[in-house]
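this one's sequence-less:
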RNA sequence: GGCCCCAUCGUCUAGCCUGGUCCAGGACACCUCCCUUUCAAGGAGGACACAUGGGUUCGAAUCCCAUUGGGGUCACCA
């Protein structure tokens, strides 16, 4: 067979925490590259670090990937994706495979046991640093031992790692995105390929799996660039093929810092400080844990804890992970589109496209070499365009699904008719699927529990001539006599009043109403707000508001 | 610090490979005005970049070199 082997890419996350947007973009590009060329896309779980990996994280990754519209041909089985002849796709379940190849390297003298403890290595590194020279581990650092001595040490149970005997030669990495780069001899040291706990290191597992799974193209973040040198020497030693490499530019925060969960902690600390919070509300975080966290800025809360705290205090945490963006009401297709634009472009002026377009157009030469700063404002703009241009029914459907998932209490309190009315009033002003829930809390509080912003009272109700209260009182009479509470009916009832009492300036009469109904100066258009609330609730709110007005009226 | 990589508006980028059509295009953000029922949105304008210095060339954003700046990496984490 001389036909070119079909293309095979893989996304290989380590299942700790949540799927980061950077990882999502890597997955997207790997997926698009393979699928656009009739190839195969693999999802492989790199769980060789026992301490950090969790099943929950693996499932979370799979879910996030599916939400983004990414499917995999081989990998863990999830919602119809995965399976395949090269399993297991969990590295922790492939230990015998790694051991076999480790054995071969050991037997041929290309790898050796090393017995230094973590502390000893740290001391060596420190010493090197003091002398201002780089530390590189080589076999010559360890005392010369005969085979029998090594065997005896092994026998005694002394912890040992296996190191690769890196050949003393320069290594050239051919990269489809960056071009080729040569790492000088001696830069790559005798790195560890098997840890003391018997698990292979990332370097070893990746090389073995990519070979065995038939991976032809390795697309990964640029932070792995130097690792490729290690992988190449390993491939040579094991007699493996060399895949084609492509290292993708990194994605940073606008200030150039790394996007990490630390960012959430920072915002949360700041928000809590501004609000003067010194103890956690019940049901959010354990008080002792909270106190410890507050004291030590280097520690971080669990994601669930910070999310609960932020929700309680109305603090908006920066989105970092894919599920953060989902929670915030971004559309998956928009996130994919925007992520693709960070590091790749189809050329020309086109920038709005879907995954199908990406699949058929993505290529390596057009990947940019420079790191990108993640611009949420532009993402938000894309999201709004997508939302406001979708059909109304689709919007209602998506908002309802979002509400069911993230705002069940809100959904319960609204009737179907009210919800539909709210959607009609909010569609064209929604930047996210979450906006409507965040900004219309006044709809779900009891009429007599509505808090009115004092600043709004002062400005809108007490101010003006006639005052807002006076308008409100007049409006209350008209509304009481109105039975048609449709948006059009309400408009017909109120507009004439605005004509006669405010010279046609609807704003003058709408704002007092808005404050009485919503407690603040921002709400959906006033006729919609009235209609959604309904006559009973709206008139009650106005009455309650009027009851608080100064006696001078 | 060693090694590797990179360098166009504030940001994401087009153009660069195959020098002239680029006094550098688009998008988001920003500014001004208009519209307006709050918040948004919308309409019309506007400001804004080839990091610097040397070459090569009739001609350079595009090719070469240096400087500066940025990033990555130097783990029994991936």
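Noted; the coordinates are in hand. What you are looking at is a predicted structure, and each value in this text was computed from that prediction instead of being measured.

Quick check, the residue in the stretch 451-553 of chain A closest to RNA strand B?
Per Cβ to the nearest atom of the strand, the residue of the stretch 451-553 of chain A with the smallest distance to RNA strand B is residue A:507, at 3.3 Å. All C-beta spots, glycine's among them, are computed from the backbone N, C-alpha and C.

give me every residue that touches residue A:246.
Contact criterion Cβ atoms under 8 Å, 6 or more residues apart in numbering gives A:175, A:176, A:177, A:217, A:218, A:219, A:220, A:364, A:367 as the residues in contact with residue A:246.

what about the helix or strand that it is a member of and RNA strand B, touching?
Residue A:246 is part of strand A:244-248, with elements assigned from DSSP states H and E. No: contact of strand A:244-248 with RNA strand B is not found when judged by Cβ under 7 Å from any atom of the strand; the minimum separation is 8.1 Å.

How about residues contacting the next helix or strand after that strand?
Read in the C-terminal direction, the helix or strand following strand A:244-248 is strand A:251-252, with elements assigned using DSSP H and E. Where contact means Cβ under 8 Å, 6+ apart, the residues beyond strand A:251-252 that reach it are A:21, A:22, A:25, A:258, A:259, A:342, A:343, A:371, A:372, A:373, A:374.

what do you get for stretch A:315-325?
Counting by Cβ under 8 Å, 6+ apart, residues outside stretch A:315-325 touching it are A:17-21, A:24, A:60, A:63-64, A:67-68, A:259-261, A:263-264, A:267-268, A:271-272, A:306-307, A:309-310, A:327-328, A:330, A:335, A:376.

Just those: which are in helices?
Counting by DSSP state H, the contacts of stretch A:315-325 place A:21, A:24, A:60, A:63-64, A:67-68, A:263-264, A:267-268, A:271-272, A:306-307, A:309-310, A:327, A:335, A:376 in helices.

in stretch A:243-263, what's buried?
Neighbour counts using 16 or more other Cβ atoms under 10 Å place A:243-253, A:259, A:261, A:263 of stretch A:243-263 among the buried residues.

Same question for stretch A:412-429.
Going by neighbour count (16+ other Cβ under 10 Å), the buried part of stretch A:412-429 is A:414, A:418, A:419, A:421, A:422, A:423, A:424, A:425, A:426, A:427.

Can you tell me the element the residue of the stretch 451-553 of chain A closest to RNA strand B falls in?
With elements taken from DSSP H and E, the one containing residue A:507 is helix A:506-518.

Now do the contacts for residue A:397.
For residue A:397, no residue meets the contact criterion (Cβ under 8 Å, 6+ apart).

picking up where we left off before, out of the buried residues of stretch A:412-429, flag the one nearest to residue A:544.
residue A:418 (19.7 Å; Cβ to Cβ).

give me every residue that touches that closest one.
Remark: with contacts taken as Cβ under 8 Å, 6+ apart, residue A:418 is in contact with A:443, A:532, A:534.

Take these and write them to a markdown table, including distance to RNA strand B.
As requested, these are arranged in a markdown table below (distance: Cβ to the nearest atom of the strand, whole Å):
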| residue | distance to RNA strand B |
| --- | --- |
| A:443 | 14 |
| A:532 | 12 |
| A:534 | 17 |
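
follow-up on the earlier one: so how far is the helix holding residue A:507 from its chain's centroid?
Taking the mean C-alpha point of helix A:506-518 and that of its whole chain, the gap between them comes to 39 Å (Cα atoms, centre = their mean, to the nearest Å).

buried stuff in that helix?
A:506, A:508, A:509, A:510, A:511, A:512, A:513, A:514, A:515, A:516, A:517, A:518.

Now the element after it, going C-ward?
Proceeding C-terminally, helix A:506-518 gives way to helix A:526-533 as the next helix or strand, assigned by DSSP H and E.

Next, the angle from that following helix to helix A:506-518.
Between helix A:526-533 and helix A:506-518, the angle comes out at 20 degrees (axes from the mean of the first three to the mean of the last three Cα atoms, to 10 degrees).

gap between the helix or strand following helix A:526-533 and the chain center?
Tracing the chain past helix A:526-533, the next element assigned as helix or strand by DSSP H and E is helix A:535-547. The offset between the C-alpha centroid of helix A:535-547 and the centroid of the whole chain comes to 43 Å, using Cα atoms, centre = their mean.

Stretch A:200-220 too?
Counting by Cα atoms, centre = their mean, stretch A:200-220 is centred 25 Å from the centre of its parent chain.

Show me the domain layout of chain A.
A:94-248, A:390-444, A:447-546 (automatic domain parsing).

still on that earlier bit, make TSV out of the buried residues of helix A:506-518 and add distance to residue A:130 and pLDDT.
What follows is the buried residues of helix A:506-518, written out as TSV (distance: Cβ to Cβ, whole Å; pLDDT from 0 to 100):
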residue	distance to residue A:130	pLDDT
A:506	76	92
A:508	75	91
A:509	77	92
A:510	73	94
A:511	70	95
A:512	73	95
A:513	74	96
A:514	68	96
A:515	68	96
A:516	72	95
A:517	70	96
A:518	66	96
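
out of the residues you listed, which one sits closest to residue A:83?
Sorting these by how near they are to residue A:83, with Cβ to Cβ, puts residue A:518 at the top with 52.7 Å.

Would you confirm that the closest one contacts residue A:529?
Yes: in this structure, residue A:518 is within contact of residue A:529 by Cβ atoms under 8 Å, at 6.6 Å.

so what's residue A:217 up against?
Applying Cβ under 8 Å, 6+ apart, one finds that residue A:217 lies in contact with A:7, A:8, A:9, A:30, A:33, A:34, A:243, A:244, A:245, A:246.

ok, for the residue in the stretch 1-150 of chain A that RNA strand B sits nearest to, nearest residue in space, not its chain neighbours?
Nearest to RNA strand B, among the residues of the stretch 1-150 of chain A, is residue A:46, at 2.9 Å (Cβ to the nearest atom of the strand). Spatial nearest neighbour of residue A:46, excluding adjacent residues (Cβ to Cβ, 6 or more residues apart in numbering): residue A:14 at 4.5 Å.

right, and that neighbour touches residue A:54 too?
No: distance between residue A:14 and residue A:54: 10.5 Å, which falls outside the contact criterion (Cβ under 8 Å).

of the two, who's got more company?
Counted by other Cβ atoms under 10 Å, residue A:14 and residue A:54 do not tie: residue A:14 has more neighbours, with 18 against 13.

List the residues that contact that one.
A:45, A:46, A:47, A:48, A:49, A:52, A:53, A:202.

The fifth one in helix, strand or coil?
For residue A:49, the secondary structure call by DSSP: H, G, I helix; E, B strand; the rest coil comes out as coil.

burial count for it?
One way to gauge burial is a neighbour count; for residue A:49, by other Cβ under 10 Å, it gives 17.

Please apply the same query to the fourth one.
Neighbour count of residue A:48, defined by other Cβ under 10 Å: 24.

What of the one 4 residues further on?
Applying other Cβ under 10 Å, we find 12 other residues in the vicinity of residue A:52.

Double-check that it belongs to a helix.
No: read with three-state DSSP, residue A:52 is coil and lies in no helix.

how about it, phi and psi?
Backbone torsions for residue A:52, taken as degrees, to the nearest 10, come to phi -100, psi -20.

re the thing from before, could you verify that the residue nearest to residue A:46 is part of a helix?
No: when three-state DSSP is applied, residue A:14 is found to be coil, with no helix at that position.

how close does it sit to residue A:48?
8 Å (Cβ to Cβ, to the nearest Å).

Now list whatever residues contact both of these two.
When contacts are counted by Cβ under 8 Å, 6+ apart, residue A:14 and residue A:48 have residue A:202 as shared neighbours.
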